[in-house]
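Visitor: 3D, please:
(one chain, ligands or ions: 2)
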Amino acid sequence: MALDERNECKPDRAQPVRDERSECKPDRAQPSRNATTPTKIKKLGPGELQILWADGHETRHLAPLLRGLCPCASCQDEMTGKRVVLPIHIPDTIEFKKIELVGQYAVHFEFSDTHHTGIYSFEYLRHLCRCPECAK
Ligand SMILES: [Zn+2]
Ligand SMILES: [Zn+2]
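Guide: Residues are numbered from 1 along each chain as shown. Ligands and ions are numbered 1, 2, ... in the order given. As a prediction, this is how the structure comes out:
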């Protein structure tokens, strides 16, 4: 009798590919997708970033704040969400060294203290907006 070895070794059934980006996004009601879609990201100075959003809002971020609120695993505990690094730990002389887009959903910053592991989603950047309107 002949064993068909091909049948013995069954490849794993095709598993649906997980889209991690959509997994991470809680399904909370968003006011508008435009609020998390930047139309322009511009460095205004060594430590200042301007983001214009599709809903017409403008956000200005300072490098020390973003550095202090870095979402990477070494700046905050992934399990508890407890922050290890806080803005008060960051000297206000921190500047942006490099700013680059990550796909269609986030921005990657390299800071002048060489820290470069943080990926800031557009949602997070909008969430961190400290303009008078958002601070209300
Ligand atoms: Zn970090
Ligand atoms: Zn704002």
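Visitor: separation between the residue nearest to residue 107 when sequence neighbours are not counted and ligand 2?
Guide: Counting by CB to CB, 6 or more residues apart in numbering, the nearest residue to residue 107 once its immediate chain neighbours are dropped is residue 120, at 5.1 Å. In this view, the C-beta of every residue, glycine as well, is placed from N, C-alpha and C. According to CB to the ion, to the nearest Å, residue 120 stands 15 Å off from ligand 2.
Visitor: Same question for residue 86.
Guide: 21 Å.
Visitor: For that residue, give me phi and psi.
Guide: phi -120, psi 160 (degrees, to the nearest 10).
Visitor: contacting residues for the closest residue in space to it that isn't next to it in sequence?
Guide: In space, and not counting its chain neighbours, residue 86 is closest to residue 68: 5.6 Å by CB to CB, 6+ apart. By CB atoms under 8 Å, 6 or more residues apart in numbering, the contact list for residue 68 reads 85-90.
Visitor: just to revisit the earlier point, give me the number of residues near the residue nearest to residue 107?
Guide: 22 (other CB atoms under 10 Å).
Visitor: Would you tell me what helix or strand it is located in?
Guide: Residue 120 belongs to strand 119-121 when elements are defined using DSSP states H and E.
Visitor: Could you please name the strands that strand pairs with and the direction of each pair?
Guide: Strand 119-121 has the following sheet partners, assigned by DSSP bridges: strand 106-111 (antiparallel).
Visitor: tell me the contacts of the nearest residue to residue 32 once chain neighbours are set aside?
Guide: The shortest distance from residue 32 to any non-neighbouring residue, by CB to CB, 6+ apart, is to residue 55 (5.6 Å). With contacts defined as CB under 8 Å, 6+ apart, the neighbours of residue 55 are 32, 34-35, 37.
Visitor: Against ligand 2, how distant is residue 74?
Guide: Using CB to the ion, we find residue 74 at a distance of 28 Å from ligand 2.
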